[in-house]
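Trainee: Give me a model of this one.
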Amino acid sequence: MRILLCFVLGLGVLGVRGQDTVQRVVEGRVNSAEQMKKPYVILISADGFRHDLADKWKARHLLALREGGVAAEGMIPSYPSLTFPNHYSLATGLYPSHHGLVDNTFYDPKRGTGYAIGNRKAVEDSTWYGGRPLWVLAEQQQMVSASFFWVGSETAVMGVRPSYWYKFNDKIAMDERLKVVKDWLSLPEERRPHLILFYMSQVDHAEHTYGPDSKEAEAAVQEVDAVIGKMTEMVGELHLAVNYVFVADHGMTQVDTVKGIALPASVDTTKFVVTPGEALLHLYAKDKADVGPAYAALKKEAKDFDVYLLNETPERWHYREVDDRYGRMGDIILVAHHPKVFNLRLKRIIPGMHGFDNKLVDMHATFYAWGPAFKEHVKIGEFENVNVYPMIAQILGLKVGDVIDGSPKVLEGILK
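Mentor: Prediction:
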């Protein structure tokens, strides 16, 4: 079976785990006199932190902080509800079909090769990444930025990296990461980052391995909550105008671990490249003449999954042929019916999964925000995650000249 397994090494982690703990610094970067007067934003992502987890597991620091700021009922991830596409949507204000990271794992027929979160060469190749990430927007306007593991920050998108950045390495202790954040904010004004991106993986890992309702998931939520408590205390000692935006890339749901969906018999892997996933499969035809017959056969065979041509997917996904800016979404996609998942690459089906239709409530992520830029004691309804980008740009006074999918109007009501 010729399925592209060779570049598939992970589910929700940001790259390959290694021992590289070195902070990279781009020399010569300074804030302009104008940017030194601006406030600060720390954008924090707790991977897999579903919209209800702070309440479910009584995360006391987060509950208290959101009370003094803004809490959304939930934040709707972009489709597909996966780690890399959504972290990059948060960073660019673009849907995955528009910024190019259309899945954690996908194929590019024009290149004749694929991208995967575990492929270090691909992760560090800037030509895979479209859009203008927040740190690029900031640096191009002479505002210093920093990143701890955000998707896309390990390569020079548009020729620009954050002034301070790390290669992903989950072995770096959280206390060390927090010290680095405080050190960044303790730098002289001209070198101090006004935009910091900070990523944590604990909740996603625990939910995948043990399930979203497990005691291990609860412990991971409490660990993240403790980190936030320490961060706000440490940063608070500096007496700076720091705004916090706490988000997740997606939620998590319990899936059927007994019997997965096998690759449909009508998929001829000599005629199609197949990139495996759990909630979504992409089929790329080597000869377009094979698309119609394969589609018809799959429609007859379909059980526990839907079959789509790219002009048939729900419009709300923004995942149609007309949206496929980079030609990376495939000719046919297969979408599992929750709680079923495809099982093409795992020895056993793990209990927690995401990647499903973003209307599924379990896929919805957390959004809390607090700090001097935000109103207090505010609760809002759900919104799409592409709207975080223009909100942060507005707080930092950065000009957005690109056409993006997010709108500053969606969240302007939560700002003072």
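
Trainee: Need the residue closest to the centroid of this protein.
Mentor: For the chain, His87 is the residue whose C-alpha lies nearest the centre (Cα atoms, centre = their mean; 2.1 Å).

Trainee: quick one: it is in a helix?
Mentor: Yes: under DSSP: H, G, I helix; E, B strand; the rest coil, His87 falls within a helix.

Trainee: How about it, nearest residue that isn't a chain neighbour?
Mentor: Nearest residue to His87, sequence neighbours excluded (Cβ to Cβ, 6 or more residues apart in numbering): Val151, at 3.8 Å. (Glycine included, C-beta is placed from N, CA and C.)

Trainee: So what's the residue count around that neighbour?
Mentor: Neighbour count for Val151, taken as other Cβ atoms under 10 Å: 29.

Trainee: per-residue pLDDT, it?
Mentor: The model reports Val151 with a pLDDT of 98.

Trainee: follow-up on the earlier one: what's the distance between the residue nearest to the centre of the chain and Ile392?
Mentor: In this view, His87 and Ile392 are 14 Å apart by Cβ to Cβ, to the nearest Å.

Trainee: do Lys58 as well
Mentor: Taken as Cβ to Cβ, the span from Lys58 to Ile392 is 29 Å.

Trainee: go on, Tyr166?
Mentor: According to Cβ to Cβ, Tyr166 stands 20 Å off from Ile392.

Trainee: Then Leu398?
Mentor: From Leu398 over to Ile392 the distance is 8 Å, taken as Cβ to Cβ.

Trainee: Counting neighbours, go ahead and name the busier of those two.
Mentor: The residue with more neighbours, out of Leu398 and Ile392, is Ile392; 24 against 20, by other Cβ under 10 Å.

Trainee: in which helix or strand would I find the more buried one?
Mentor: Assigned by DSSP states H and E, Ile392 belongs to helix 388-396.

Trainee: Which of the residues in the helix or strand following that helix are classified as buried?
Mentor: Next helix or strand after helix 388-396 toward the C-terminus (DSSP H and E): helix 408-411. Across helix 408-411, burial judged by 16 or more other Cβ atoms under 10 Å covers Pro408, Val410, Leu411.

Trainee: What are the boundaries of the strands in the stretch 1-150 of the chain?
Mentor: 23-25, 40-46, 70-72, 75-76, 105-108, 113-116, 145-148 (DSSP state E, counting those that start in this stretch).

Trainee: Out of those strands, which gets nearest to Gly381?
Mentor: Gly381 sits nearest to strand 70-72 of all these, at 7.1 Å, using Cβ to Cβ.

Trainee: Neighbouring strands - and their directions - for the closest one?
Mentor: strand 367-370 (antiparallel), strand 378-380 (parallel) (DSSP bridges).

Trainee: Next up, the contacts around the residue nearest to the centre of the chain.
Mentor: Shown in contact with His87 (Cβ atoms under 8 Å, 6 or more residues apart in numbering): Leu14, Ser45, Trp150, Val151, Gly152, Tyr199, Asp249.

Trainee: could you redo the last one with a cut-off of 7 Å?
Mentor: Ser45, Trp150, Val151, Asp249 (Cβ atoms under 7 Å, 6 or more residues apart in numbering).
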